[in-house]
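In: missing the sequence, but the structure's below:
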């Protein structure tokens with residue numbers, strides 16, 4: 001009973017000394033909450049996806065309004081007819097819309113107030129003009145069937161999506177890096193524990209050699225070899241402790257913590273669990289490839305915009321309005337919806353650049369830029385497939401190495417158990433047992449390192465997935 005209480009007390013003290021265990025999921029949750037670079041990439045990606053609808057705003061109806069107040073007191077040639085001052089107020093309210101086939105139309109209502117001061121010979125010097133007005137422009141050559149408009153929408157959409165996918169891939173890279181940092185700390189702590197045990201055994205061998213030399217049972221060369229081995233194990237332990245400190249800094253850095261120490265425990269490497277991992281499901285396209293695909297869309301849209309901007313323009317323009325003029329505003333408003341005073345206008349507008357050499361050079365340059373973006377996208381597709389095959393192959397190979405390391409550890413464990421049994425029967429020496437214990441510790445360390453390698457590759461494979 002006393003022994004049970006002592007064990008429980010030691011367990012509590014150990015838990016308090018090393019802190020509470022922080023699981024990988026909990027750690028990744030803290031990273032996602034605190035890592036500013038990760039959060040910035042995630043928010044930028046989310047914002048870009050939301051902004052992708054910005055291109056559709058180009059086609060949505062727009063409300064416009066205009067108010068102009070004018071006071072003109074400039075001299076006139078005939079003040080009796082033209083007055084000495086003209087007050088002119090203009091009010092306009094309407095809706096406009098751009099279509100994907102190159103038609104731009106607007107429907108508005110216009111009210112103008114005119115007051116001519118000093119015009120003694122005019123019968124009416126103060127009146128209102130009211131008119132509903134329909135205006136349209138249809139492109140026939142440049143932006144024919146909306147080519148330029150569609151290209152502008154595609155350009156806006158592709159630019160924000162390219163930025164969004166790029167940031168999404170960056171966020172996944174940071175998450176993968178954080179996961180690796182977690183397992184690196186776990187490995188570093190395991191290495192320190194193994195190196196401490198190895199150093200302890202090296203100390204036993206050194207003490208053994210000292211006793212044998214002092215009793216003239218061994219040559220001094222054996223003592224020097226044991227001392228060198230002890231110093232080597234001391235160096236290895238120091239390196240393991242330095243690596244643990246570096247891993248702790250990286251671990252904390254991913255949580256935006258500026259410290260060289262980690263008070264919490266992390267999950268211990270479980271080679272059996274690691275061995276059961278399978279290749280994670282991948283998305284059809286990695287986010288960086290999607291970004292390259294959108295960059296190709298940007299180049300295609302830019303090429304079309306250059307072609308459209310440098311093409312001759314031929315537009316049909318027209319307008320239709322119903323008009324009324326009356327000193328009384330209400331009467332003018334009512335009359336403006338009759339067909340007593342209609343006004344129509346229709347025409348063609350043509351423009352063509354004359355320096356055909358520059359036009360051809362600009363178009364060719366845009367085409368070359370588009371070809372470059374297409375090649376970059378195709379290269380990204382190739383690299384994605386190659387990296388996936390290469391990484392999955394490395395994952396399979398690392399698991400085989402882990403399996404072999406586990407087998408070696410089992411053999412070393414069996415060997416040391418057998419040697420201890422021989423020691424109990426007096427058929428071997430303590431020195432030999434200590435050497436084999438050292439081999440067993442190194443085999444354990446090799447298995448842990450193999451397990452960590454599998455986890456690191458597994459983290460990289462996750463970047464091919466669709467979700468963070």
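Out: Looks like it arrived, so ask away. Just so we're clear, the structure is a prediction, and the values are computed from it rather than from any experiment. Numbers count the residues shown, from 1 in each chain.
In: and the gap between residue 195 and residue 433?
Out: Separation of residue 195 from residue 433 (CB to CB, to the nearest Å) stands at 19 Å. Yep, even glycine has a C-beta here, placed from its N, CA and C like the rest.
In: the two: which is more packed in?
Out: residue 195 (24 against 17; other CB atoms under 10 Å).
In: just the element for the more buried one, please.
Out: helix 147-214 (DSSP states H and E).
In: what do you get for residue 319?
Out: Counting by DSSP H and E, residue 319 is part of strand 313-322.
In: by contact count, what packs against that strand?
Out: strand 126-139, strand 342-351 (3 or more CB pairs under 8 Å, 6 or more residues apart in numbering; DSSP states H and E).
In: partners of it, with directions?
Out: strand 126-139 (antiparallel), strand 342-351 (antiparallel) (DSSP bridges).
In: so which residues make contact with the shortest one?
Out: Going back to what we said before, that points to strand 342-351. Here strand 342-351 makes contact (CB atoms under 8 Å, 6 or more residues apart in numbering) with 131, 312-323.
In: closest one of those residues to residue 438?
Out: Within the contacts of strand 342-351, proximity to residue 438 (CB to CB) peaks at residue 313, which comes in at 85.2 Å.
In: from residue 302, how far out is that closest one?
Out: Plainly put, residue 313 is 19 Å away from residue 302 if you go by CB to CB.
In: just residue 53 next, same as before
Out: 21 Å.
In: same question for residue 387.
Out: From residue 387 to residue 302 the distance is 29 Å (CB to CB).
In: over to residue 273?
Out: 51 Å.
In: higher neighbour count, those two?
Out: The residue with more neighbours, out of residue 273 and residue 302, is residue 302; 19 against 11, by other CB under 10 Å.
In: is it correct that the more buried one is in contact with residue 369?
Out: Yes. Under the criterion of CB atoms under 8 Å, residue 302 makes contact with residue 369 at 6.9 Å.
In: shared neighbours of the two, anything?
Out: In contact with both residue 302 and residue 369: no residue, using CB under 8 Å, 6+ apart.
In: what residues sit buried inside the helix or strand where residue 334 lies?
Out: With elements taken from DSSP H and E, the one containing residue 334 is helix 329-335. Within helix 329-335, the residues scored as buried using 16 or more other CB atoms under 10 Å are 332, 335.
In: who's in contact with the closest residue to residue 297 other than its chain neighbours?
Out: Among residues not flanking residue 297 along the chain, residue 158 sits closest, at 3.6 Å (CB to CB, 6 or more residues apart in numbering). The contact partners of residue 158, by CB under 8 Å, 6+ apart, come to 294-295, 297-298, 301.
In: with residue 97 as the reference, measure out to residue 44.
Out: 32 Å.
In: please enumerate the strands of the chain.
Out: Counting by DSSP state E, the chain has strands at residues 21-22, 62-72, 85-98, 103-117, 126-139, 265-266, 313-322, 324-326, 342-351.
In: residue 153: which of those is closest?
Out: With CB to CB as the criterion, residue 153 lies closest to strand 85-98 of the strands of the chain, at 9.8 Å.
In: any idea of the mean pLDDT for the closest one?
Out: The average of the pLDDT scores along strand 85-98 is 95.
In: which parts of it are buried?
Out: Quick answer for strand 85-98 (16+ other CB under 10 Å): 85-87, 94, 98.
In: that strand: partners in the sheet, and parallel or antiparallel?
Out: Sheet pairing for strand 85-98, assigned by DSSP bridges, gives strand 62-72 (antiparallel), strand 103-117 (antiparallel).
In: now the last one: how far from the chain's centre is it?
Out: How far strand 103-117 lies from its chain's middle: 49 Å, per CA atoms, centre = their mean, to the nearest Å.
In: same deal with the shortest one?
Out: A distance of 45 Å separates the centroid of the chain from that of strand 62-72, by CA atoms, centre = their mean.
In: which residues sit against it?
Out: With CB under 8 Å, 6+ apart as the test, strand 62-72 has contacts from 85-97, 106, 108.
In: one more: stretch 98-110?
Out: Contacts to stretch 98-110, defined as CB under 8 Å, 6+ apart, come from residues 58-59, 64, 90-97, 129-140, 143-150, 153, 321.
In: before we move on, back to that, closest one of the buried residues of strand 85-98 to residue 289?
Out: residue 98 (32.9 Å).
In: let me see the contact set for the residue nearest to residue 453 when sequence neighbours are not counted.
Out: Of all residues not flanking residue 453 in the chain, residue 398 sits nearest, at 4.8 Å (CB to CB, 6+ apart). Contact partners of residue 398, counting by CB under 8 Å, 6+ apart, are 450, 453-454, 457.
In: quick one: low-confidence parts of the stretch 301-450 of the chain?
Out: For the stretch 301-450 of the chain, no stretch has pLDDT under 70.
In: switch to 80 and redo it
Out: Within the stretch 301-450 of the chain, the ranges that satisfy pLDDT under 80 run 423-424, 426, 428-431, 433-434.
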